[in-house]
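**Student:** Sharing a model prediction with you, sequence too.
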Amino acid sequence: MPARLLRLLSYSLLALCITISSHLLGKEAQPVNSGLTAHEWGTFTSVAGNDGQAVDWMPLTGSTDLPGFVEHFRDAGFKLGLRGTVRMETPVLYFYASREMTLSVKVAFSNGVITEWYPRASRVEPSAALSDATLYQKRTDGSIAWDSVTVAPGHTADFPNDNRDSHYYAARETSATPLRVKTPTGVQQERFLFYRGVSVFPVPISTRLTPEGKLLVKNLSKEEIPSIILFERRGQNLGYRIGGPLREEAILDSPALTATVDSLDRDLERILVAQGLYRDEAQAMLETWRHSWFEEGSRLLYIVPRRFVDAIVPLSINPAPAHVARVFVGRLELVTPATERAVELAFASKDGVALAKYGRFLEPILKAMIQKESSPPKAKRLQEYLNSMYNSEIAQAQRRN
């Protein structure tokens, strides 16, 4: 081939490569705002069954802990209790900006639906009625979008308050920039974007009690789990044991019930800050979940790997922040022999106060107890307890309607 023709062919190929590369970059790239930072925290709550895997339960049962101005997906399926394996609880998305700017924000949720949010969203999908089939059969991804969120530094915000006691308000105790969202009826203001949901995605961790009474924890994901915390509370006594990072599996001894909430607060704050939260954000998260994470029973808390969070809850912000931190804590409730004894005793003695400590977890706890019970009379008695709980939930739902 003549040298001149070879040179022309090389230039043509080079120009074609540049054209293709430019097209792809233009298609994928988003404008990045160097003066914008986004931080998010949230919780994935599940219940471990007898095989250690997250089980089906009704995470929306019981009274809500949210203020009245928070919006809900209102339909019969929601009110009677949508079933799932994961309750995504209180993700809050903060923004920090050096100047006023307007953003669009969208969050998707793998195999799940968005059930509560504030401020008012531009769109929440799916828009059809929720049902268990939405999650288990259709396997569609839910989403929520705010098309116009104004980040307003220096703005004197007037946040809503319905004068009810709620842990929701603790999330405001940060230095995050106030937000304004235009709605058809006016402007809503908040310190953050808030949403919750229910899904059936497989959680990245499993647990099993060994014959020696220790907890075998397995990492089911391809990513390292940064930290795990085994927690137990019985009455006024509590204890915890910190492990991790978890690459494959680990065995944790039951913690001695000699710790304090203050010491656990300090250790959890350190872990959350190490994952990228600001100190006041970590404190706000702990204050929001203090009574829930540290309530009666046994549970494994773990830091969800960032890549797992991004895959399950994809987040899109335009213009894109220069930095994004997303810290999700997984909560896996454990049905231990101590919990089983406490629940059975509370039912037998009709101790409503003791049962209330287990709240929405009573159903999966009882189911786990029934599944492994070898005595027919005892299994029947446990089933009667479960039936009485169902009847109570139905009565409460009818009153709400």
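**Tutor:** Sure, I can see it. Numbers count the residues shown, from 1 in each chain.
**Student:** Does the closest residue to Arg331 other than its chain neighbours belong to a helix, a strand or coil?
**Tutor:** Nearest residue to Arg331, sequence neighbours excluded (C-beta to C-beta, 6 or more residues apart in numbering): Thr45, at 4.5 Å. Just so you know, the C-beta spots here come from the backbone N, C-alpha and C atoms, and that holds for glycine as well. What DSSP: H, G, I helix; E, B strand; the rest coil gives for Thr45 is strand.
**Student:** what about Thr45, how many residues close to it?
**Tutor:** For Thr45, the neighbour count with other C-beta atoms under 10 Å is 24.
**Student:** who's in contact with stretch 87-94?
**Tutor:** 38-46, 59-60, 105, 107, 109, 112, 168, 171, 174, 176-177, 191-199, 281, 288-289, 313, 315, 328 (C-beta atoms under 8 Å, 6 or more residues apart in numbering).
**Student:** In strands, which of the residues you listed fall?
**Tutor:** Among the contacts of stretch 87-94, the members found in strands (DSSP state E) are 38-46, 105, 107, 109, 112, 193-199, 315, 328.
**Student:** Pull stretch 228-235 out as CSV, backbone CA atoms only.
**Tutor:** Provided in CSV are the C-alpha atoms of stretch 228-235 (Å, rounded to 0.1, in the frame of the first residue of the first chain):
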residue,chain,number,x,y,z
ILE,A,228,-20.7,-5.3,61.9
ILE,A,229,-22.1,-4.8,65.4
LEU,A,230,-23.9,-7.5,67.4
PHE,A,231,-26.3,-5.8,69.8
GLU,A,232,-28.5,-7.3,72.6
ARG,A,233,-30.8,-5.7,75.2
ARG,A,234,-32.7,-7.4,78.0
GLY,A,235,-34.6,-4.9,80.1
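**Student:** ok, and what's touching that stretch?
**Tutor:** By C-beta under 8 Å, 6+ apart, stretch 228-235 touches 205, 215, 217, 238-244, 246, 250, 252, 254-255, 257, 264, 267-268, 271, 293-303, 336, 338, 342.
**Student:** What residues of that stretch count as buried?
**Tutor:** Counting neighbours by 16 or more other C-beta atoms under 10 Å, one finds that the buried residues in stretch 228-235 are 228-233.
**Student:** Make TSV out of those and add secondary structure, pLDDT and distance to Pro364.
**Tutor:** Output for those, formatted as TSV (DSSP: H, G, I helix; E, B strand; the rest coil; pLDDT from 0 to 100; distance: C-beta to C-beta, whole Å):
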residue	secondary structure	pLDDT	distance to Pro364
Ile228	strand	98	21
Ile229	strand	98	21
Leu230	strand	98	19
Phe231	strand	98	18
Glu232	strand	97	18
Arg233	strand	96	18
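**Student:** Now that we have the contacts of stretch 87-94, which of them are buried?
**Tutor:** Here, 16+ other C-beta under 10 Å leaves 38-46, 59-60, 105, 107, 109, 112, 168, 171, 174, 176-177, 191-199, 281, 288-289, 313, 315, 328 buried among the contacts of stretch 87-94.
**Student:** What segments of the protein are helices?
**Tutor:** 3-28, 76-80, 132-136, 261-274, 279-293, 306-312, 337-348, 352-356, 362-372, 376-400 (DSSP state H).
**Student:** I'd like the buried residues of stretch 228-235 as a markdown table, with distance to Tyr358 appended.
**Tutor:** Below are the buried residues of stretch 228-235 laid out as a markdown table (distance: C-beta to C-beta, whole Å):
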| residue | distance to Tyr358 |
| --- | --- |
| Ile228 | 22 |
| Ile229 | 20 |
| Leu230 | 18 |
| Phe231 | 15 |
| Glu232 | 14 |
| Arg233 | 11 |
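**Student:** ok, so of those, who is nearest Ala152?
**Tutor:** Nearest to Ala152 among these: Ile229, at 37.0 Å, using C-beta to C-beta.
**Student:** Name the nearest residue to that closest one, sequence neighbours excluded.
**Tutor:** Per C-beta to C-beta, 6+ apart, closest to Ile229 is Leu301, 4.3 Å.
**Student:** thought that neighbour was touching Leu334?
**Tutor:** No. Counting by C-beta atoms under 8 Å, Leu301 does not reach Leu334; the two are 10.9 Å apart.
**Student:** Any idea what the residue nearest to Ile229 is bridged to?
**Tutor:** Counting by DSSP bridges, Leu301 forms beta bridges with Ile229, Arg331.
**Student:** Would you mind measuring from it to Leu366?
**Tutor:** Note on Leu301: its distance to Leu366, by C-beta to C-beta, to the nearest Å, is 23 Å.
**Student:** And Leu386, by the same measure?
**Tutor:** For Leu386, the distance to Leu366 - C-beta to C-beta - is 4 Å.
**Student:** Comparing these two, which shows the higher neighbour count?
**Tutor:** Leu366 (22 against 18).
**Student:** Pull the contacting residues for that one.
**Tutor:** Neighbours of Leu366 in contact, by C-beta under 8 Å, 6+ apart: 343, 382, 385-386, 389.
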